[in-house]
Every structure is written in structure tokens, then in C-alpha cells.
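Engineer: pasting the sequence and the predicted coordinates here, then a few questions.
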Number of protein chains: 2
Amino acid sequence: MNYPERIERARARMENMGVDVLLLSVGADLPYFTGYEAMPLERLTMFVLPRTGEAKLVVPRLEAPRVVAQPDVFEIVTWDETDDPIALVTRLADRPAVAAIGDHTWARFVLDLEAALPSTEFRKASLVTAALRMVKDAAEVDALTRAAHAVDVIAREMHGVRFSGRSELDVHRDLVDRMLELGHQRANFAIVAASGHAASPHHEPTDRVIVDGDVVLCDFGGTMDGYCSDITRMFVVGEPPAEVQHVYAVLMDAQERAVQAATVGTPCEAVDAAARQVIAAAGYGEFFVHRTGHGIGTEAHEDPYIVAGNVAPLAPGHAFSVEPGIYLPDRFGVRLEDIVVATAAGPRRLNEAPRDLAVVA
Amino acid sequence: MNYPERIERARARMENMGVDVLLLSVGADLPYFTGYEAMPLERLTMFVLPRTGEAKLVVPRLEAPRVVAQPDVFEIVTWDETDDPIALVTRLADRPAVAAIGDHTWARFVLDLEAALPSTEFRKASLVTAALRMVKDAAEVDALTRAAHAVDVIAREMHGVRFSGRSELDVHRDLVDRMLELGHQRANFAIVAASGHAASPHHEPTDRVIVDGDVVLCDFGGTMDGYCSDITRMFVVGEPPAEVQHVYAVLMDAQERAVQAATVGTPCEAVDAAARQVIAAAGYGEFFVHRTGHGIGTEAHEDPYIVAGNVAPLAPGHAFSVEPGIYLPDRFGVRLEDIVVATAAGPRRLNEAPRDLAVVA
């Protein structure tokens, strides 16, 4: 990745937005600009990027060996166990009128920096970074495609896997292992939810054993070479009852309509509406309890959000999930998810695994 | 765990500290008081605990099925995808003069709440919660002991495991798998660092293959029934050279001295000094680049920190790591870590796995 170019674009946007210094800590902004990911621990790591002047990466001395030097991007400044990193960052920030601080920065550091810089106005770093990160260049789309194809392989494999007699946790562990084996450095999540459990969209896998007749939702993703995957496919043990088939047919139609709606210039909320209309028309509107999708890139969830109220138009290079769901409390839930990139030639799905309700043993 | 009692103690401390409302989101405070862990995602979860009046748990509607209701502790308030959770929390907080916000809360929520509550002074939640969480009761010490014994089993097993010819990542995966198999719900980390890599205290495992003569540092821990484990043991492939033996003997002595120093009433920094003096006297002072330890409980790192400058005295029920290290750049590093609880009868190690430099194949 071309970090110096990204830094230049951030500086241009800081200029436009009247931001004097960008302060990045844990979260996806930091690796986007530096290649370095801060450990989510109590010792402060902070990238200090003034609009003009040299960028510094402030890191605890014992974590400094983890940093891959980027001398054309930043200078490393280490601090020792008994130093005060807040004082160090305050000095490097050099009395900014406006500081933009990483959206995931821990409150304890925000409050300490606010106290140390009482005349500085603090804003969210996403004001500067979201617009940049949202538009993926060709190399980024390639990285997202490789991650998508890796989870596609797993989704396909699962057609031949036995579900019956195994627990949700067993299947979960397989998904995690396969993501790591197929090139992901990190498995971010692997939801496996059988029947009633699948009515909870963010169910965490349990020792519940999957049995004949279960409808099983598998939603899994991880990080591969810095970019995220995220896919949901549905499985059923034995022949599905007519109601399940009907609900799933509605869902497939809703997802397809939403994908087709995701053309450049379309407001994000119109993509959400495209899925929602199909589901509502079939009488399941109240059971589609979440937005249709989220952006994806170096972070599993990022801008643009495919949700009512987001009137921002899709642009070429926007990458996002399209994942409507229908959740019937205590009975079953279904969701179907692909990653889609908006292009001048129309919406492009990155996932290619079969989208049907897979009958498994 | 007795959540109502913990809430009562928090309220008493809020009274003492002049805090009107406690606002908890991601991080270990929330499960400590409610049994519920917020998902680290962009949808706000927030526990709103006024000093007087009813506590509410604000959660996104699609995550509400994950919450185990605790009707004697809080009422669940859900919000939908197009609602404004900041407005909801602001209303529930009811114009506090002083709000204490969870130390790990994301900056984006801190800044939004500060803007929505312009006359409120924001402080860190740890002002209220750290003193409570720091002192473990008998049930918590039992939970920490069970977690410690689970990783002890793994440390012992590794004496019979082959290291030579396997990569750091291979050994890392074994550690993660074994933690999950032995009752941990989550593996938080598993550092495997061979020779030169071990000179980086927070090294992340790579595909570097371990060979004859390597000194291998293994530092691993996870979460079991809400409480954390954390252990470091050292392995060497074949007979260790005299220098490694000497450095390790210094380290074992330093760790033992620090553990013995950890008596009730002793300032935390004196425990750090006890380890540091031994290492400095042997001529390795400059290579012990981190503090001696950190508190442990529902969070892997929490108060009390065993570090120079922390003059707070140890009290019965304080639980913390004692983990001095010696890191010789590009050559090798050694660390030895046990979890220790301060008790009226003296320091009590929770880990019982052999502490010697284990010779492995």
C-alpha cells in the first residue's frame, strides 16, 4: 500500500476540514496510514500527524520492535514505563486549535488529552479518514476479492460437511480453523446458529447439538492481508419444510434486488429500501430488524452503512455487505450476505459461493 | 456473581467521588456489574447507572437477545437501526453534573455525549470501578485459580511436546486450542517467540521454524468463566548454553524475590523494585524494559500495576502478575510469569507449573 500517498490525501482533507492534527490510536485508521496496528492495551500508542510538519508514531518502548519502520511516513518515538505518554503526545501536537482523534480511541486517553489541551476542539478522526477509506482503489478491491474467495471456498466445502450431531461450537471451530488455514491472519467472528438461535442475529455459538430439521445460519469473516471478509450462508439438515423454503425464497429475492439496486449514484438508503420492500411485501417486514449492510475494508464494519437515513450516494470503489435477514423469534432465522463493490459497470459481487439454501446431512 | 451487591458498592463510591451517573460500554466494567459484555461494534451499548434511580442497559435491538435479563439490576432499553442512541442515553442520564464514562468507551461516543451534555463534567469510570474490581472476593480468587490451573496443565504438557521443526505459529495454535479445550471460552493471546524474536516482549508468532538451540518464550492466557489467565514459561531445544542458564537463573531469582515482596501493605513499586534490583545487580538492568506486572481479573490487564511510581499499598485480594524479563536484542529473551494474590497470610501464587527452564526436543 502507498502510505505516503494516503498521508497526502489525509493532509488535503485536514486542510479542507480545518483540522490541525490527526491523532490515531487503536482501530483501523492507524494501519491504513502506517501499516502498524496498535495493541489494544493500556499503554498508549498514538500516531501524531500534523497538517504540516513531521508525523510521529508514539509507541511504548516494549512494543517498538513490532513496528515496521516507514521512514518516509513517520518517525518512531518511544516512551518508557515511567514516562507520561499524554505529555509526550501533547508536546508533539503543538497546541492545535482542532484535533481529530481516532474514533476507537479509549475514553481514558480522550479525557486525558482533553485535559492536557484545554483550548483544543476535539473532533472524530473519521471526519478526515472515512471519506478516504470508503473509496477502495484497485489494489484494495483485489485484497477484498482474495479474502472473499477464501471464505467462498469454506462456504462451498460446508455443503459436504456433516452438521447433524455436532454442536454449534464444533462447527464454529471448523470455520475459524479453515479461515486461518486459507490465508486469513485473523478470524474476526464465526456465528453458527441453529433454528431458534438463528432468530438472534448476533447469536454466539453454544454447545447446542444440531439435529435433523435444523436450519443453520453461518456468518463468518476474518482479516486477510489487512482486508476483511464477511459472508453468510444458510444450511438445513434434511429437506426443509415449505415455510422455510418460502421465507428463504423471499430473502433471496430481497438480497438480489438490493444488489441490483447498488449502482453508482444510488443513495445508500435506497439499497436498504430495495431489500426491505420485498420482505415487507411478503409480510415479514417486522422480522427484518437490522439495516441491509455495512461498508467493509480494513475494518469489518465501516462506512458506507446501507441503512435508512443514509442519503449519501454510492461511488465507484465503495465496498459493502448486502445482507438482509428474516428472524422469526424462537423458531428460525435466515440471512444471506455477499460483499459488493459499486463500479461504473454496475454492482459487482465479490462472493461467488452458491446462494441457495443448502441441504446437508 | 452478586451483581446487586456490586451495584450498591459502585453507588457508594459514586457518592464519595461526587459522580452522578456511571456510563459503561465496551470493556470489563460492564460485565462486572451486569454479566453482559458489549460487542465492540459501531452500535452503541451503554449501561446507565444513576447514583439514585433505576439502572438501564441500552442495547441495539438486534443484540438484545444476547442479554441475560437481570431484573434486580437493570431494565433493558432497546434502540432500532434508525434511532439515535446518543439522544436516548442523554435522556436517561438526566443532566448529570458529573458523569463517569467507561475507560474503553470509543472516542466517537465520548465526543457525541460531550456534545449532547455540554454542562456535564466527564471523568473516567475507573475512578469508581477500579477500587472495587481490584479487590477480589473468595469467589473471584477461586475463578482466577481455576483459570490459572488450566494454563498450568498446558505449561506442563509442553515439557513433552516437540518444538524443533515446528513454526512459532504451529505452537501458538496448539496453545490456543488447548486453552479452549481446557475450559477457557476465549484465548486472549499466545506469544511464541524463538531466540531473537523473544527479545521483543510482545512478539507475534510467525512462520519462523524452531531449531535446535532455540530459546522459546511462551506467554499465553485467556478468559475462563469471566476471569483471566496469564502465564509465561521458557523452553530450550537441547541443552542450554551457559549464558542462557546464567541469565535464566538471575531471572528466576528476581521473580522469586518479587513474589516474596508482595505482602499486604507493601507499595506496588517496591515489588517492582525487588525484581529490578536482582536483575540490575547481575548487570542486566537495561534489558528489563517493562514493569514487573499488572493486575488481573475480568480484564487481562487492570489495576494494580506493579510499576515504579505506583505507591499504592497491596491489600488482601489484590491479584496481579509477577513477570520480570531480560531481553538481549537480536539474541534471546527470557520472562517468567505467575499470577499472585496478596493475602493476610502472605503472597499466594496461583500458578503451580514448574518454573525451570524446560529442556525440550
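Structural biologist: Now that the structure is in, tell me what you want to look at. Residues are numbered from 1 along each chain as shown, chains lettered A, B, ... in the order given.
Engineer: stretch A:173-183 and chain B, any residue contact?
Structural biologist: Yes - contact of stretch A:173-183 with chain B (C-beta under 8 Å from any C-beta of the partner chain) involves A:Arg173, A:Leu180. For the C-beta atoms, the positions are set from N, CA and C on the backbone; glycine is no exception.
Engineer: averaged pLDDT, that stretch. What do you get?
Structural biologist: Mean pLDDT, stretch A:173-183: 93.
Engineer: quick one: residues in contact with it.
Structural biologist: Contacts to stretch A:173-183, defined as C-beta atoms under 8 Å, 6 or more residues apart in numbering or on different chains, come from residues A:146, A:150-151, A:153-154, A:157, A:161, A:187, A:190, A:192, A:218, A:220-222, A:224-225, A:229, B:173, B:180.
Engineer: so where is chain A shaky, pLDDT-wise?
Structural biologist: Counting by pLDDT under 70, not a single residue of chain A qualifies.
Engineer: residue nearest the centroid of it?
Structural biologist: Note on chain A: the residue nearest the mean C-alpha position is A:Ala300, at 1.3 Å, using C-alpha atoms, centre = their mean.
Engineer: and that residue, which of the three is it?
Structural biologist: Assigned by DSSP: H, G, I helix; E, B strand; the rest coil, the conformation of A:Ala300 is coil.
Engineer: who touches it in this structure?
Structural biologist: Contacts of A:Ala300 (C-beta under 8 Å, 6+ apart): A:Asn188, A:Phe189, A:Gly221, A:Thr223, A:Cys228, A:Asp230, A:His294.
Engineer: out of these, which is nearest to chain B?
Structural biologist: Closest approach between the contacts of A:Ala300 and chain B, by C-beta to the nearest C-beta: A:His294, at 7.8 Å.
Engineer: pretty sure the closest one sits against A:His301.
Structural biologist: Yes - in this structure A:His294 lies within contact range of A:His301 using C-beta atoms under 8 Å: 4.4 Å.
Engineer: and the strands in the stretch 151-300 of chain A, which stretches?
Structural biologist: A:186-194, A:215-224, A:227-228, A:231-237, A:293-295 (DSSP state E, counting those that start in this stretch).
Engineer: shared neighbours of A:His294 and A:His301, anything?
Structural biologist: The contact sets of A:His294 and A:His301 overlap at B:Glu42 (C-beta under 8 Å, 6+ apart).
Engineer: the more surrounded of the two?
Structural biologist: Under the criterion of other C-beta atoms under 10 Å in any protein chain shown, the comparison of A:His294 against A:His301 puts A:His294 first, with 22 against 19.
Engineer: residue contacts, that one?
Structural biologist: Contacts of A:His294 (C-beta under 8 Å, 6+ apart): A:Ala300, A:His301, A:Glu302, A:Tyr305, A:Ile306, A:Phe320, A:Ser321, B:Glu42.
Engineer: ok, now A:His202?
Structural biologist: A:Ile191, B:Met39, B:Leu62, B:Glu63, B:Pro65, B:Arg66.
Engineer: and the second one, which of the three is it?
Structural biologist: Same thing as B:Met39. Here B:Met39 takes the coil state, with states given by three-state DSSP.
Engineer: count of neighbours near it?
Structural biologist: 15.
Engineer: also A:Glu42?
Structural biologist: 18.
Engineer: ditto for the one 4 residues further on
Structural biologist: Using other C-beta under 10 Å, the number of residues around A:Met46 comes to 26.
Engineer: coming back round to it: could I get the strands of the stretch 151-300 of chain A in a markdown table, plus columns for distance to B:Asp29?
Structural biologist: Listed next are the strands of the stretch 151-300 of chain A as a markdown table, based on distance: least, C-beta to C-beta, whole Å:
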| stretch | distance to B:Asp29 |
| --- | --- |
| strand A:186-194 | 23 |
| strand A:215-224 | 27 |
| strand A:227-228 | 28 |
| strand A:231-237 | 32 |
| strand A:293-295 | 27 |
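Engineer: how about the residues of the stretch 201-350 of chain A by chain B?
Structural biologist: A:Pro201, A:His202, A:His203, A:Glu204, A:Val289, A:His290, A:Arg291, A:His294, A:His301, A:Val307, A:Ala308, A:Gly309.
Engineer: does stretch A:10-24 reach chain B?
Structural biologist: No - judged by C-beta under 8 Å from any C-beta, stretch A:10-24 stays clear of chain B, getting no closer than 9.2 Å.
Engineer: show residues contacting that stretch.
Structural biologist: By C-beta under 8 Å, 6+ apart, stretch A:10-24 touches A:30, A:33, A:46-52, A:89, A:93-94, A:96-102, A:105, A:113, A:123, A:125, A:127-129, A:131-132.
Engineer: give me the subset of those residues touching chain B.
Structural biologist: Residues of the contacts of stretch A:10-24 in contact with chain B (C-beta under 8 Å from any C-beta): A:Ile101, A:Gly102, A:Thr105, A:Arg123, A:Ala125.
Engineer: where's A:Glu157 relative to A:Ala249, distance?
Structural biologist: Distance, A:Glu157 to A:Ala249, by C-beta to C-beta, to the nearest Å: 25 Å.
Engineer: tally of neighbours for A:Pro85?
Structural biologist: Neighbours of A:Pro85 under the rule other C-beta under 10 Å: 20.
Engineer: and the helices in chain A, which stretches?
Structural biologist: A:3-17, A:29-34, A:85-93, A:107-116, A:126-134, A:138-157, A:168-181, A:242-261, A:268-281 (DSSP state H).
Engineer: now A:Ser229: closest residue in space that isn't a chain neighbour?
Structural biologist: A:Ala147 (3.8 Å; C-beta to C-beta, 6 or more residues apart in numbering or on different chains).
Engineer: next one: A:Glu114
Structural biologist: A:Phe122 (6.1 Å).
Engineer: hang on, the one you found packs against A:Ile101?
Structural biologist: Yes - the pair A:Phe122 and A:Ile101 passes the contact test of C-beta under 8 Å, sitting 5.6 Å apart.
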